[in-house]
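Student: generate a structure from the sequence data that follows.
(chains A and B)
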Protein chains: 2
Amino acid sequence: MLDDTYFMKQALMEAQKAFDKDEVPVGAVVVCKERIIARGYNLTETLNDVTAHAEMQAITAAANVLGGKYLNECTIYVTVEPCVMCAGAIAWAQTGKLVYGADDEKRGYQRYAPTAMHPKTIVKKGVLQEECAALMKLFFKKKR
Amino acid sequence: MLDDTYFMKQALMEAQKAFDKDEVPVGAVVVCKERIIARGYNLTETLNDVTAHAEMQAITAAANVLGGKYLNECTIYVTVEPCVMCAGAIAWAQTGKLVYGADDEKRGYQRYAPTAMHPKTIVKKGVLQEECAALMKLFFKKKR
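Tutor: Below is the predicted model:
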């Protein structure tokens, strides 16, 4: 079934790719009419680029596929709550819906910019929360 | 003299390039040890990409030049107050100093995410404010 859980699993597969590259394991997919049109995973270390978050890459890729920069008919699935930068990008893209898994109390946008989201963007959180958070915990435990 | 005014003039030259391409005229330069190591101007329409703000491009380019993703010894000059997305990127890069020209009361980060900046980033505003704002006003007047 092509529901939120299904697509979050796909985002988790992206996060696993980041994990395997020793990157903070966050993954994202952009879905339009039940079809995944873009994928991304965190590559900040590999690319030496703080802007290379999963969501940023997925948004850029999705706009490329659509031939337009607005994602108002799309849902972005992210394994972890977006940071301020990514929330800003999701807002600029007028993204139809944001679904995320685990909260990020330290760096998540809700702490710093709770009103940054576009007013029309529907936000849903907690999908596969435990799996998304577990991958992050495993990463940071390995780092210590 | 290689002061803030000099570098802001360089950022304004970038903004003019955006203006000439019918893009919202915002420009940025990144300066490290009195040398411009990266330039950028808004290309969101041309690239069909909401993430293609002047600052984002300049940050990515500067990290490329430095071979590292932190800009703690750099100053970023932007003609207009950064948005939430760009403020987030400037924070992730741990940018040493942010200097901007005109305020952006509608979309600037100070309205939505006043605490988003890295605590070590020095922020200075109002350099060539009138010139920076005038270019924006001219652009939006032309659009009407």
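Student: please count neighbours and contacts with C-alpha atoms only from this point.
Tutor: Will do.
Student: contacts for stretch A:92-103, please.
Tutor: The set of residues external to stretch A:92-103 that reach it, using Cα atoms under 8 Å, 6 or more residues apart in numbering or on different chains, is A:4, A:8, A:59, A:69-82, A:118, A:120-130, A:132-133, B:50.
Student: hang on, A:Val30 packs against A:Asn72?
Tutor: No: checked against Cα atoms under 8 Å, the pair A:Val30 and A:Asn72 is beyond contact range at 11.2 Å.
Student: tell me how far stretch A:121-136 lies from the chain's centre.
Tutor: With Cα atoms, centre = their mean, to the nearest Å as the basis, stretch A:121-136 stands 10 Å off its chain's centre.
Student: run a quick neighbour tally on A:Lys124.
Tutor: Number of residues near A:Lys124 (other Cα atoms under 10 Å in any protein chain shown) recorded here: 13.
Student: from chain B, how far out is it?
Tutor: Using Cα to the nearest Cα, to the nearest Å, A:Lys124 is found at 20 Å from chain B.
Student: ok, for that residue, nearest residue in space, not its chain neighbours?
Tutor: Closest residue to A:Lys124 apart from its sequence neighbours, by Cα to Cα, 6 or more residues apart in numbering or on different chains: A:Val99 at 4.7 Å.
Student: point me to the helix or strand that includes the one you found.
Tutor: In this structure, A:Val99 sits in strand A:97-102 according to DSSP states H and E.
Student: check which strands are paired with that strand and give the direction for each one.
Tutor: Under the criterion DSSP bridges, strand A:97-102 sits next to strand A:74-80 (parallel), strand A:122-125 (parallel) in its sheet.
Student: now the residue nearest to A:Lys124, which residues is it bridged with?
Tutor: On the basis of DSSP bridges, A:Val99 takes part in beta bridges with A:Tyr77, A:Lys124.
Student: for it, give me the pLDDT.
Tutor: According to the prediction, A:Val99 has pLDDT 98.
Student: roughly how far does it sit from A:Val31?
Tutor: Remark: distance between A:Val99 and A:Val31 (Cα to Cα, to the nearest Å) = 11 Å.
Student: list the contacts of the residue sitting nearest the centre point of chain A.
Tutor: Geometric centre of chain A, nearest residue: A:Val78, 2.7 Å, by Cα atoms, centre = their mean. Going by Cα under 8 Å, 6+ apart, A:Val78 touches A:Met8, A:Ala11, A:Val26, A:Gly27, A:Ala28, A:Val29, A:Ala54, A:Glu55, A:Leu98, A:Val99, A:Tyr100, A:Gly101.
Student: just checking, what packs against the lengthiest helix in chain A?
Tutor: If you go by DSSP state H, chain A has its longest helix at helix A:4-20. Helices and strands touching helix A:4-20, by 3 or more Cα pairs under 8 Å, 6 or more residues apart in numbering or on different chains; DSSP states H and E, are strand A:27-32, strand A:35-41, strand A:74-80, strand A:97-102, helix A:129-143.
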